[in-house]
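S.K.: Kindly return the folded structure for what I paste below:
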Amino acid sequence: MAGPVLGEADFRQFQQMIFAEAGIHMPASKRTMVAGRLCKRLKALGMDSYAGYWRYLKANNAEKQVAVDLLTTNETYFFREPRHFEFLRNYLLSHHRGGKPFRLWSAACSSGEEAYSSAMVLTDALGDRDWEILASDISTEVLKKAKAGIYPLARTDRIPTDSLKRYCLKGVGPAEGTLMVDPVLRTKVEFRQINLNTRLPEVGQFDIIFLRNVMIYFNSETKQEIVARLQNCLNPGGYLVIGHSETLSGLQTKLEAVVPSIYRKPK
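M.R.: Alright, predicted model coming up:
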């Protein structure tokens, strides 16, 4: 028997909800994707229509978070776009003179690979000097995975061999086929749920903020608002790093382009 069909009117409801909650624009071409991600939830709740699920969601704030978790894209892997980590290690950290802790924000951390990759680099480069990492995401589900720090071995092939030996534990027995980030390293990363599309909580100032491969889902107005919030969280001379396929072109910011995808806040 065929499953429920997500009609155009119902799709628009979910489209407007995810934009209002997360600032993410879902074009009409994403209707099949939205239907697929929500279909399992309908089955779990014993519902046979997207319209019925929409009514349930509107009356249940907790369910709205479930829908946001399902509809936000969370593809990531360790040391993705390695030039950014080379910049962090070879330029930014090599010029860090200490005094205050070096602070990094992984502002759309998904399941944590970016934050832990950064933590490995900071530990290697700074040694005993203090550093802090804040890792945030709008999705509560991916944050649970990030805090656990357990990943399939197949997703860890980009971790440098030395880092793999120093910071990762290979699962055995029931955990065979998985890898766990070293508990000591995990304790140095703070994970928080933060919605970049609303007023930010007090997070302090950072030397570098990663906001990579996220803005492709936002329209120009939302990009402008998010970048404005984040640049206020950068120290003078701090850096904002976006994805290689993204740009701040056309946005009004205080940031200066350093190389493609890396921007600096003037001192």
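S.K.: For the chain, which segments count as strands?
M.R.: Remark: strands of the chain, listed N- to C-terminal, are 102-106, 131-137, 150-152, 168-170, 178-181, 189-193, 206-211, 234-242, 256-259, 262-264; assignment by DSSP state E.
S.K.: how does the protein divide into domains?
M.R.: Using automatic domain parsing, the domains assigned to the chain come out as 8-70, 82-264.
S.K.: what's the neighbour count on the nearest residue to residue 178 once chain neighbours are set aside?
M.R.: Distances taken as Cβ to Cβ, 6 or more residues apart in numbering place residue 171 nearest to residue 178, at 4.0 Å, with adjacent residues excluded. Just so you know, the C-beta spots here come from the backbone N, C-alpha and C atoms, and that holds for glycine as well. If you count neighbours by other Cβ atoms under 10 Å, residue 171 ends up with 15.
S.K.: Now do the contacts for residue 171.
M.R.: 150, 153, 177, 178, 179, 180 (Cβ atoms under 8 Å, 6 or more residues apart in numbering).
S.K.: residues near the third one, how many?
M.R.: Using other Cβ under 10 Å, residue 177 has 11 neighbouring residues.
S.K.: The fifth one now?
M.R.: For residue 179, the tally of surrounding residues (other Cβ under 10 Å) stands at 21.
S.K.: and it, what are its bridge partners?
M.R.: When bridges are assigned using DSSP bridges, the partners listed for residue 179 are residue 151, residue 170.
S.K.: mind starting the numbering at 43 from now?
M.R.: Understood, numbering begins at 43; the last thing we discussed is residue 221.
S.K.: you'd agree it is up against residue 199?
M.R.: No - with the criterion set as Cβ atoms under 8 Å, residue 221 and residue 199 do not qualify as a contacting pair; they are 10.4 Å apart.
S.K.: who are the neighbours in contact with the closest residue in space to residue 165 that isn't next to it in sequence?
M.R.: Here the nearest residue to residue 165 in space, its sequence neighbours aside, is residue 227; by Cβ to Cβ, 6+ apart that works out to 6.9 Å. When contacts are counted by Cβ under 8 Å, 6+ apart, residue 227 is found next to 158, 161, 162, 165, 209.
S.K.: can we see that at 7 Å?
M.R.: Contact criterion Cβ atoms under 7 Å, 6 or more residues apart in numbering gives 158, 161, 165, 209 as the residues in contact with residue 227.
S.K.: quick one: which of these is most hemmed in?
M.R.: Sorting the contacts of residue 227 by how many neighbours each has (other Cβ under 10 Å) puts residue 158 first, at 29 neighbours.
S.K.: any idea how far residue 113 is from the nearest residue to residue 55 once chain neighbours are set aside?
M.R.: Taking Cβ to Cβ, 6+ apart, and ignoring the residues beside it in sequence, residue 55 has residue 96 as its nearest neighbour in space, at 5.1 Å. Distance, residue 96 to residue 113, using Cβ to Cβ, to the nearest Å: 13 Å.
S.K.: What of residue 84?
M.R.: Taken as Cβ to Cβ, the spacing of residue 84 relative to residue 113 amounts to 14 Å.
S.K.: Let's have the contacts of residue 213 in TSV, adding pLDDT and distance to residue 291.
M.R.: Shown next, in TSV, are the contacts of residue 213 (pLDDT from 0 to 100; distance: Cβ to Cβ, whole Å):
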residue	pLDDT	distance to residue 291
192	97	39
195	91	39
219	94	43
220	96	41
221	95	38
222	97	40
